[in-house]
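> Got a predicted structure plus its sequence, pasted below:
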Amino acid sequence: MDVVLVGLPGSGKSAVGRRIAQRHHATFIDIDELVERQVGKLVPAIFAEEGEAGFRRHEHEAVLSLGPADTEPEVRRVIATGGGTVIDPRNRWLLYRGRFPVWLDGSPEILASRLARSVNVRPLVDGNDPAGALRQLAADRHRFYAPGIQISGTANVDAIMRALETRLGDGPSPDATMLREDTAIGRVEIGCGIAAAAVDSALRRGEARRAILLAEPLTWTVAGAGIAASLEAYGWDVERILLPRGEKAKRMRVIEETCRALARLRVDRRETLVAIGGGALTDAAGFVAATYLRGVPIVHVPTTLVGQIDAALGGKTAVDIPEGKNLVGAFHQPVAFIADVALLTTLPARQRRAALGEVVKMGALGDDRLLELVEADGVAFADGSNSPIESGAIAEMVERCAWAKVEVVIADERESGLRMTLNLGHTIGHGIEAAAGYRAILHGEAVAYGLRGAFAIALAMGLTTPKHSERINSLLDRLGLAVKPPAVTRDAVWEHIATDKKHAHGSLNWVLPTETDVVIRSDVPGEAVETGLAAALHLAPAVSTQARPAPETQSGAHVR
Ligand SMILES: NC(=O)c1ccc[n+]([C@@H]2O[C@H](COP(=O)([O-])OP(=O)(O)OC[C@H]3O[C@@H](n4cnc5c(N)ncnc54)[C@H](O)[C@@H]3O)[C@@H](O)[C@H]2O)c1
């Protein structure tokens with residue numbers, strides 16, 4: 001077994017690591033020393049010459065060079081990471097799965113005083129206010145360290161050793177959490193093979209007396225039944241309530257039936273519900289949780305990529321009525337959001353491909369690494385291959401999208417400003433979805449059309465560069481998204497956009513890409529809108545006879 005020590009600079013990873021290795025006659029590996037050996041320079045010199053980015057590249061190479069995790073039951077290698085090694089999701093995927101991560105935790109003040117006595121140079125902590133620098137690092141990195149077994153790094157080494165020895169019996173597991181944080185909008189947990197254990201822990205935190213699982217027939221088969229079996233093995237009594245599959249769950253009648261099922265089970269206000277399914281299921285179950293007994297806690301376990309990167313996060317719940325989709329709903333934050341990428345292996349190709357439309361949108365908001373990931377692994381995943389799940393690429397995509405959404409939602413829960421930026425590609429996309437009657441075109445597919453439109457508008461207005469636009473359009477081409485004209489007319493799409501404009505008191509806020517992020521603009525000229533529609537719908541650019549939005553004077557705030 002490999003023991004992996006993580007934590008802030010000064011938490012004692014190297015000293016403790018050496019002692020554990022000695023005691024177990026194991027090999028001790030210090031990642032910083034490994035980097036220095038492989039590069040032939042000391043860490044401060046690498047930082048000085050290549051900057052932090054250069055150092056991180058070498059650090060990833062060093063982690064890769066560790067090879068596969070040791071599978072023997074006894075401790076054979078002890079690996080002390082650098083304080084920032086596990087910022088990189090790829091390093092966490094390599095270090096946390098099949099290894100035994102231990103988080104040496106400690107207060108920044110104590111760590112700072114310890115570092116003051118150390119001869120080692122710490123490039124990110126040296127300066128006037130080491131305790132302040134450490135506090136900031138602790139806030140930024142807490143979610144990456146938290147998956148490890150937490151041991152106080154300020155305890156003396158013997159105490160750490162004793163605490164550790166009692167836990168080593170658990171052994172390493174291929175199922176691993178990659179990120180865990182208690183945020184203002186609930187606990188966020190992302191990993192692989194973690195669903196049942198994370199639900200168990202959420203129920204314990206909520207002092208639940210049983211597990212009440214809400215799913216739909218298909219997600220019950222592919223995910224719910226397994227989670228239920230594990231929960232029963234943990235000792236929970238499990239109740240199951242099935243809603244209809246897909247969008248059919250989002251109907252008032254279903255909400256009433258579900259609430260009646262809860263009432264028959266005598267579910268009280270303190271009981272936590274667990275929703276297991278795609279965005280439609282979590283939207284409907286979330287609405288039930290928002291309204292049953294005026295609100296009960298809910299845990300979301302999304303089983304689609306759309307659910308893991310978007311729908312199950314942020315607290316928007318919704319049902320459809322004949323007059324429109326998502327017209328009735330409430331804000332109700334889940335107490336926990338558990339994204340387990342292992343649940344995505346059964347997802348059909350069309351669902352995967354469509355969800356990548358949303359991932360490209362998140363990349364276009366300014367996450368270059370996310371675009372690189374989709375460029376490298378998107379096509380294989382969209383075609384149904386699970387190798388991007390096994391390699392960790394999908395976990396990284398989920399983490400980048402989900403965490404970006406968490407930050408935006410915390411800053412602007414009720415969508416009065418920043419959260420609007422998530423609507424890149426949605427103005428035309430919604431128009432297309434609505435014109436298709438919300439049936440023939442999936443949301444992510446519509447967003448892909450909308451993205452092409454938004455980039456064409458931004459180009460016409462000189463907001464972005466042809467290079468950036470070309471990158472997004474060719475990525476969508478390769479993914480097979482929005483490559484054919486959708487089966488809707490320009491006028492029908494226009495009519496829905498005009499209705500949205502009316503609802504927005506006559507002034508549409510367009511989210512438009514710049515070269516590096518997005519701006520919100522309400523002064524988009526009619527000609528630019530026509531250019532966008534033509535690009536989205538694959539029409540020859542034509543001047544329309546329909547009314548165009550008059551240019552408005554208000555210019556947009558630059559938001560990111
Ligand atoms: N609340 C929000 O902020 C928000 C954001 C985006 C989308 N949404 C909503 O989400 C819904 C779309 O979500 P979706 O794309 O997840 O679709 P979905 O929930 O309809 O699921 C799509 C299909 O995939 C199946 N499925 C689910 N998990 C599976 C798995 N692991 N393996 C195999 N099949 C599986 C489902 O049975 C269904 O047939 C829409 O109703 C949309 O309005 C909400």
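Perfect, thanks for sending it.

> who's in contact with the most centrally placed residue in the chain?
Closest residue to the average C-alpha location of the chain: residue 402 at 2.2 Å, with C-alpha atoms, centre = their mean. Listed by C-beta atoms under 8 Å, 6 or more residues apart in numbering, the contact set of residue 402 reads 188, 190, 308, 309, 313, 337, 339. C-beta: built from backbone N, CA, C; applies to glycine.

> Of those, which is the nearest to the ligand?
Checking the contacts of residue 402 against the ligand by C-beta to the nearest ligand atom gives residue 313 as the nearest, at 7.2 Å.

> The closest one and residue 337 touch, don't they?
Yes. Counting by C-beta atoms under 8 Å, residue 337 is a contact partner of residue 313 at 5.5 Å.

> Excluding sequence neighbours, find me the nearest residue to the closest residue to the ligand within the stretch 351-500 of the chain.
Proximity of the stretch 351-500 of the chain to the ligand (C-beta to the nearest ligand atom) peaks at residue 351, 5.0 Å away. Leaving aside its sequence neighbours, residue 351 sits nearest to residue 304 (C-beta to C-beta, 6 or more residues apart in numbering; 5.8 Å).

> Phi and psi next, for the one you found.
Torsion angles at residue 304 (phi, psi; degrees, to the nearest 10) stand at phi -120, psi 160.

> What about it, how many residues nearby?
By the measure other C-beta atoms under 10 Å, the count of residues near residue 304 is 25.

> now do residue 347
Residues contacting residue 347 under the criterion other C-beta under 10 Å number 20.

> tell me the contacts of the closest residue to it other than its chain neighbours?
Nearest-residue entry for residue 347: residue 304, 6.1 Å, with adjacent residues in sequence omitted and distances by C-beta to C-beta, 6+ apart. By C-beta under 8 Å, 6+ apart, the contact set of residue 304 is 277, 278, 279, 311, 344, 347, 351, 355.

> What about the residues you listed, which are in helices?
Judged by DSSP state H, these include 279, 351, 355 as members of helices.

> quick one: the strands in the stretch 51-200 of the chain?
All strands of the stretch 51-200 of the chain, identified by DSSP state E, counting those that start in this stretch, fall at 77-80, 100-105, 149-152, 176-183, 186-192.

> Can you say which of these is nearest to the ligand?
strand 186-192 (13.8 Å).

> That closest one packs against which elements?
Helices and strands touching strand 186-192, by 3 or more C-beta pairs under 8 Å, 6 or more residues apart in numbering; DSSP states H and E, are strand 176-183, helix 195-205, strand 336-340, helix 393-411.

> Downstream of the second one, the next helix or strand is which one?
Note on helix 195-205: by DSSP states H and E, the next helix or strand toward the C-terminus is strand 211-215.

> Which residues does that following strand contact?
Strand 211-215 is contacted from outside by 199, 203, 223-224, 227-228, 231, 236-243, 258, 262, 265, 267, 271-277, 281, 285, 288, using C-beta under 8 Å, 6+ apart.

> Okay, buried residues for the helix or strand harbouring residue 535 please.
Using DSSP H and E, residue 535 maps to helix 526-537. Using 16 or more other C-beta atoms under 10 Å as the test for burial, helix 526-537 gives 527, 528, 529, 530, 531, 532, 533, 534, 535, 536, 537.

> Can you convert the contacts of residue 402 into a markdown table and add a column each for distance to residue 382?
A markdown table is the format used below for the contacts of residue 402 (distance: C-beta to C-beta, whole Å):
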| residue | distance to residue 382 |
| --- | --- |
| 188 | 26 |
| 190 | 21 |
| 308 | 16 |
| 309 | 14 |
| 313 | 22 |
| 337 | 24 |
| 339 | 19 |
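
> Of all pairs in the residues you listed, which one is the farthest apart?
Largest separation among the contacts of residue 402 by C-beta to C-beta: 188 and 309, giving 12.3 Å.

> and those two? which has more neighbours close in?
residue 309 (28 against 22).

> For the more buried one, which non-adjacent residue is closest in space?
Closest to residue 309 by C-beta to C-beta, 6+ apart is residue 401, at 3.7 Å.

> got the contact list for that neighbour?
Taking C-beta under 8 Å, 6+ apart, we find residue 401 in contact with 308, 309, 310, 358, 359, 362, 370.

> Of the residues you listed, just the buried ones, PyMOL syntax please.
Selection of buried members from the contacts of residue 401 for PyMOL, criterion 16+ other C-beta under 10 Å:
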select buried, resi 308+309+310+358+359+362+370
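
> near the ligand, from the contacts of residue 401?
residue 310 (C-beta under 6 Å from any ligand atom).

> So which of the contacts of residue 401 sit within helices?
The helices, defined by DSSP H, take in 358, 359, 362, 370 from these.

> any idea how far residue 447 is from the first one?
This means residue 358. According to C-beta to C-beta, to the nearest Å, residue 358 stands 6 Å off from residue 447.

> Pull the distance from the helix holding residue 535 to the chain's centre.
Centre-to-centre, helix 526-537 and its host chain are 31 Å apart (C-alpha atoms, centre = their mean, to the nearest Å).
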